[in-house]
Every structure is written in C-alpha cells, then in structure tokens.
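Colleague: Need the 3D shape of this:
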Amino acid sequence: MSPSGSNTGDGSQSAPFLTIQHAIDYADDGDTVKINPGTYTGYGNYNLTMNGTELVVMGVGGPDSVTIDVQGSASNPRRGFNDLENNYSDTTKIIGLKIINGFAPLSGDLWNGDGGGILIRNGGDLTIENCVIGPGNKALFGAGISIISLGPDSVTLKNVVIKGNENAHNPPDFYYNYHGMGLSYNGNSNSILTVENSIIRGNSGTILSGENVHVYGAGVYLSGDQTTPRFINTIIVANSLTQYNDGYETIGGGIYLSYRTNLDLVNSDILYNSVSQQQNIIWSTKGGAIGVENSNSQINILNSIIWGNTAEDNSTDMVYGNGASFSVNYSDLQSSATGDNNLFVNPRFTDASSGDFIGSCQPPDRRRNCPWRHLSGADVGSCIRSYRRSTSQSCR
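Modeller: Residues are numbered from 1 along each chain as shown. A predicted model of the protein is given here:
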C-alpha cells in the first residue's frame, strides 16, 4: 500500500496498491496488509471492512507515519473501519494507524450513530494495537470507537490513544441520548473488553440548548448485563461533558457504567475529567470521574489514581455510585472510599496545570523522588507502579 501506488499492480513492495480496501480484498487469511507511510483519503480508504478475512492491517512506522483521514461529515457520513463483524480469531489485528475525521451515519444505517472512527460488531477476538483514534471523529455513541458484542467476543485495545473526539448532534426529530465520546462498549456476560497500556484523553460531549437529551461518559461508556470490562495500565484524562439544558442528566466525565455493568480498574489513572451544567439546575451533573447507573454493578479499583475530577454537584466530584458496590485498594483518591491501604494526598504530577499529564508516565526514583516518600510499604506501591508503567507506555 502506498499513496503513490496503483490498484492495477500486484500489491508487492515494488508495485503497491493505491487504496487500503483493495489491498484487504486482495488478501487471504493469514496475510499482513502493510500500509506505507502517508495520509490516505478518498474512496477505498474509508468504511473499511475485512469481509471475514482474518489478517493483520498494519501501518509501517506506526500512527505517527500512517494516517487515514476519513473526511466525514453530517452530509457525507463515513467511518474509518466500518462494521467489523465476523467473530474474528486473535490473529486479526489493526496495528499502527491514526484514524481522524470520521463521522457516523445518523440515519439510514443499521447502527445509526455508532462509531465515528471504528465500529466493531461481534468482532470475536479482534485486537487494535498501537493506534491513535482521533482527533475529529464524531458520533452519537462511541465517537472514537464503538464496540457492540452480542456474543462471546474478546476485544482487546492495546497501546491505543483515543483523543479529541466529540459527539455529533441528533438530526431533526431524533432524541437519542449521547454517550462514550472516546469509547463506547455494549457487551454481555459472555463478552470481554480489555484496554491496556492506553490513553483516553480530551474527548468531549456537548449538549446544545434545545436538544433535550442526556449525556453519559465523555471518556468511556460501558453497558452490558454482568459484563466486566478491564482497564489495565491506562490513563483516562481531561475528558469533559457540558450540558446547556436544565434537568437533563450529565454523568460520568471519565467513565459511565450503564445497566448492570461491572468494572476492573488496575494500575490506571482517572484524572481531571469534568461534568458541567451551564444552566441553573445542577442536580443531575454528577460523577466527575465515574458515574454508575445501577446498584447491582461491582467496581474494583486496585493500585490506581483518581484525582482532580470535577462535577458541579461537588458531592460527586469523584464518583456517583448510585448504590453500586466498590472495592478500592492500594489507590490514591481525591475523596474518601472504603478499602485497604488507600491514600488521599495530591499525587503531584509534573505539569497538570498546563494540561500536560506526562507526570504519570515519567519514572520517578522510587523512594527518593516519590510523592509519597514519607510513606512505606504498600503505599509506596502506587509510586512504583507509575515507574513500572513508564517503561512500556508512551504519552502521545
């Protein structure tokens, strides 16, 4: 694949194809489609689908070198990858791509409003690795990535950055609530979502005056009866929800859990996310870090940092739990929580005031420079965890 290639070639290194979809259609199970550095636009480089072929689609040089600019809009909707549905095996991967400016169809599509950058539906054991999704992707649900798992799927996001995506707005006479500007996941008890070594940053949901809808989960929206998504070594930072209507819910700046969804958060940070209400009524503006709909949800937080999140209902600046069960251990929190060996002190990131949260990725000297250097034992584990993660995660 090359921006200067030709679809009349044979797809070899000396005669690369021009468009990504043509290369995928040409490939067989077990092949790797290599996309040479460049920016890919136009027909054949959006609404990509693997058509059931189990292969690897890989950007040569990674997301800093290979960009798919979808160039979607409300009048010309298109996704980066569209409706990846085939119960793929774990050999099927999307690696090393940046996907920007997708726009999910809002009508006339089976999954109206889902997935501006990528839509995965019953994707099996598909993996997305070392990709940047955003900025500029738009959808009603999952502007960056939307995953819909109706069967025993196990989707993995590894070393993925989801950033700068935002909600689209309902067309006339549509009244869908908005959710998951970064990532939206709808699963069930037989499906697994694993997000590891990833960053979900600067995604935003804005409800304009007169839209009269609710909005949930600026960074992440999770839904499914007794499904338990896992976030490991992941940062969810500086995502925001803004509501311009009185009396409509605005919940979950970092993460929102719908229905009876559970959550495992391990070695991860939820930082400086916000929910705000621009009118006079703020009772429904809750959960700066985490919002939970159902009392049957179980949230497990281990060795993680939750700090700097805000909600205009200040009593829920960290978590709006709605009666859910929480197990919080060996973590640093901005407000009180039950559990073992937790801290409630400022983690002192390097330059949080400028919007650069690189501090949680830089390796401190374990004890001498640790923000909790006056502590010992399990408490120092949080600082050591930051050191450990820094060796494998890039703060793009």
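Colleague: now the nearest residue to residue 255 once chain neighbours are set aside, which residues is it bridged with?
Modeller: Nearest residue to residue 255, sequence neighbours excluded (CB to CB, 6 or more residues apart in numbering): residue 220, at 4.5 Å. (Glycine included, C-beta is placed from N, CA and C.) Note on residue 220: beta-bridge partners by DSSP bridges are residue 183, residue 255.
Colleague: For residue 220, which residues are in contact?
Modeller: Contact partners of residue 220, counting by CB atoms under 8 Å, 6 or more residues apart in numbering, are 180, 182, 183, 184, 185, 200, 236, 254, 255, 256.
Colleague: With residue 127 instead?
Modeller: Here residue 127 is in contact with 90, 92, 93, 94, 155, 156, 157, 158 (CB under 8 Å, 6+ apart).
Colleague: if you set the cut-off to 6 Å instead, what comes out?
Modeller: 93, 156 (CB atoms under 6 Å, 6 or more residues apart in numbering).
Colleague: Please apply the same query to residue 129.
Modeller: Residue 129 touches 93, 95, 158, 159, counting by CB under 6 Å, 6+ apart.
Colleague: ok, the last one touching residue 197?
Modeller: Meaning residue 159. Yes. The pair residue 159 and residue 197 passes the contact test of CB atoms under 6 Å, sitting 4.7 Å apart.
Colleague: So between those two, which is more surrounded?
Modeller: residue 159 (23 against 19; other CB atoms under 10 Å).
Colleague: out of the contacts of residue 129, which are inside strands?
Modeller: 93, 95, 158 (DSSP state E).
Colleague: how about a markdown table for those residues, with pLDDT and distance to residue 28 added?
Modeller: Below are the ones in strands among the contacts of residue 129 laid out as a markdown table (pLDDT from 0 to 100; distance: CB to CB, whole Å):
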| residue | pLDDT | distance to residue 28 |
| --- | --- | --- |
| 93 | 94 | 16 |
| 95 | 97 | 18 |
| 158 | 96 | 25 |
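Colleague: Filter those down to the buried ones.
Modeller: Among the ones in strands among the contacts of residue 129, those classed as buried by 16 or more other CB atoms under 10 Å are 93, 95, 158.
Colleague: and which of the residues you listed is nearest to residue 125?
Modeller: residue 93 (9.8 Å; CB to CB).
Colleague: which stretches of the stretch 51-200 of the chain aren't confidently modelled?
Modeller: Under the criterion pLDDT under 70, the flagged ranges of the stretch 51-200 of the chain are 108-111, 172-173, 175.
Colleague: swap the cut-off to 80 and go again
Modeller: The stretch 51-200 of the chain contains residues with pLDDT under 80 at 83-87, 107-111, 150-152, 171-175.
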